[in-house]
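A.B. asks: model this:
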Amino acid sequence: MNAPVNQAPALIDKHGRHIDYVRLSVTDRCDFRCVYCMSEKMTFLPRNQVLTLEEIHQVARAFTRLGVKKIRLTGGEPLVRKNVLDLVQNIGALPGLEELLITTNGSHLEQMAPALKAAGVTRINISVDSLNRDTFRQMTRTGDLDQVLRGIEAARAQCFKTLRLNAVILKGRNDHEILDLLHYAMALGINIAYIEEMPLGEVSDHDRLETTCSNDEVRAVIEARHQLTPVTMKTAGPSRYYRIEGSDSRVGFISPVSHNFCESCNRVRVTVEGRLLLCLGNEHSVDLRQLLREQPGNEQALMDTIRTAMDIKPLRHHFYDKDAPQVVRFMNMTGG
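C.D. replies: Numbering: from 1, shown residues only. So this is what the prediction gives:
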């Protein structure tokens with residue numbers, strides 16, 4: 001834990017939720033093209049629309065002064081951003097920050113895991129949706145499974161506080177691998193979370209209404225083989241964790257579609273173009289990039305804008321509600 005900082009009043013939305021966790025997207029680019037995340041022929045943002053590393057650091061510093069304790073760096077794939085380790089180190093040194101986390105596809109961990117640990121990263125989530133090379137390639141469109149598995153081993157060698165696999169299960173694609181993925185995590189002594197696919201952006205690769213696999217279904221497959229016991233495990237995000245009988249690993253379920261967890265939401269997101277997103281499944285947002293560029297160095301104005309934005313954080317999202325507007329941005333534009 002870094003030294004405390006003189007903080008402004010905490011971030012509390014109009015529904016009484018305390019916001020102490022921010023997900024910062026450092027790039028919309030990725031070396032994979034996962035079918036549930038983006039289009040195969042994705043058009044990425046021009047450089048002048050992307051926050052600079054210094055601007056991202058300014059945003060992170062403002063949030064920590066407002067009481068945020070946990071920051072997660074996301075993308076796209078955060079580790080493809082040039083000089084990202086400088087940003088990681090600078091954010092990791094911010095006073096008052098207790099946890100610096102990163103979500104990655106694992107393709108660069110073999111080379112970068114030691115530097116991430118040295119820079120202050122405490123926890124890493126690694127996306128792995130299949131242990132079959134062909135299926136992995138189909139789901140990522142470009143990914144090399146062996147490269148990712150080597151990255152996982154490199155991260156394990158650094159003894160981060162926790163490592164967790166993230167798996168999105170799609171019917172007809174990888175739903176037959178639910179137990180294989182679990183047993184792989186158990187063999188390594190790391191955690192795993194199953195994440196329901198969210199309807200962000202229009203995909204052409206599959207029909208989400210047909211492929212979405214609820215975590216109730218995933219859990220039923222697991223419980224047919226393993227006894228699960230709920231645990232009180234405090235984490236940065238919405239995962240509900242269970243202990244697996246006879247294992248040190250924990251299995252989590254993130255269920256934004258089948259089990260709305262909005263009532264306890266403690267987080268906001270900042271996209272790489274500087275939009276402060278108040279909800280993953282809504283378009284309520286505030287433009288921080290304009291402020292950063294029109295008033296460079298005015299941290300008080302940035303903090304005031306962030307604090308005021310909490311008033312428009314909605315109570316919940318409305319995935320698959322035909323009477324509510326649906327989100328058109330892809331996950332890589334959101335900051336997963």
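
A.B. asks: all helices for the stretch 151-300 of the chain, in order.
C.D. replies: Along the stretch 151-300 of the chain, the stretches classed as helices by DSSP state H, counting those that start in this stretch are 178-188, 208-211, 215-223, 288-294, 299-309.

A.B. asks: of all those helices, which lies closest to Val84?
C.D. replies: Ranking these by distance to Val84, with CB to CB as the measure, places helix 288-294 first at 18.6 Å. (Glycine included, C-beta is placed from N, CA and C.)

A.B. asks: show me what counts as buried in the closest one.
C.D. replies: Using 16 or more other CB atoms under 10 Å as the test for burial, helix 288-294 gives Leu288, Arg289, Leu291, Leu292.

A.B. asks: now stretch 123-137
C.D. replies: Arg123, Ile124, Asn125, Ile126, Ser127, Val128, Asp129, Ser130, Leu131, Thr135, Phe136.

A.B. asks: and what of stretch 30-39?
C.D. replies: Under 16+ other CB under 10 Å, the buried positions of stretch 30-39 are Cys30, Asp31, Phe32, Arg33, Cys34, Val35, Tyr36, Cys37, Met38.

A.B. asks: could you identify the most distant pair in those residues?
C.D. replies: Largest separation among those by CB to CB: Asp31 and Tyr36, giving 16.3 Å.

A.B. asks: tally of neighbours for Gln111?
C.D. replies: Neighbourhood size, Gln111 [other CB atoms under 10 Å]: 12.

A.B. asks: just say helix, strand or coil for it.
C.D. replies: Following DSSP: H, G, I helix; E, B strand; the rest coil, we place Gln111 in the helix state.

A.B. asks: return the residues in contact with it.
C.D. replies: Counting by CB atoms under 8 Å, 6 or more residues apart in numbering, Gln111 touches Ala154.

A.B. asks: can you get me the start-to-end distance on stretch 156-169?
C.D. replies: End-to-end span of stretch 156-169 (CA to CA, to the nearest Å): 24 Å.

A.B. asks: got the contact list for that stretch?
C.D. replies: 34, 36, 103, 113-114, 116-117, 121-129, 152, 155, 174-175, 178, 181, 184-185, 188, 190-197, 213, 218, 252.

A.B. asks: nearest to Glu55, of the helices of the stretch 151-300 of the chain?
C.D. replies: Of all these, helix 288-294 comes closest under CB to CB, at 4.9 Å.

A.B. asks: pLDDT averaged over that closest one - what is it?
C.D. replies: Average pLDDT, helix 288-294: 97.

A.B. asks: Arg141: how many residues sit nearby?
C.D. replies: Applying other CB under 10 Å, we find 14 residues neighbouring Arg141.

A.B. asks: need the nearest residue in space to Arg17, chain neighbours excluded.
C.D. replies: In space, and not counting its chain neighbours, Arg17 is closest to Cys265: 5.8 Å by CB to CB, 6 or more residues apart in numbering.

A.B. asks: shaky segments in the protein?
C.D. replies: Applying pLDDT under 70 to the chain flags residues 1, 3-9, 199-210, 233-237, 258-261, 281-283, 316-336.

A.B. asks: what segments of it are strands?
C.D. replies: With DSSP state E, the ranges of strands along the chain come out as 11-12, 18-19, 21-25, 70-74, 99-104, 123-127, 162-168, 191-195, 228-230, 240-244, 250-254, 267-270, 275-277, 285-287.

A.B. asks: in CSV: those strands, plus distance to Arg61.
C.D. replies: Below are the strands of the chain laid out as CSV (distance: least, CB to CB, whole Å):
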stretch, distance to Arg61
strand 11-12, 14
strand 18-19, 16
strand 21-25, 11
strand 70-74, 10
strand 99-104, 13
strand 123-127, 21
strand 162-168, 25
strand 191-195, 29
strand 228-230, 37
strand 240-244, 31
strand 250-254, 28
strand 267-270, 12
strand 275-277, 15
strand 285-287, 17
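
A.B. asks: next, the contact list for Arg293, please.
C.D. replies: Each residue near Arg293 by CB under 8 Å, 6+ apart is listed here: Glu55.

A.B. asks: from what I can see Glu77 touches Gly106, true?
C.D. replies: No. Applying CB atoms under 8 Å as the test, Glu77 and Gly106 come out as separate, 9.3 Å apart.

A.B. asks: so which of those two has more stuff around it?
C.D. replies: Ranked by neighbour count (other CB under 10 Å), Glu77 and Gly106 place Gly106 first, with 27 against 24.

A.B. asks: show me what contacts the more buried one?
C.D. replies: Ile126, Ser127, Val128, Gln147, Val148, Leu149, Gly151, Ile152, Ala155.

A.B. asks: cool, thanks, talk later.
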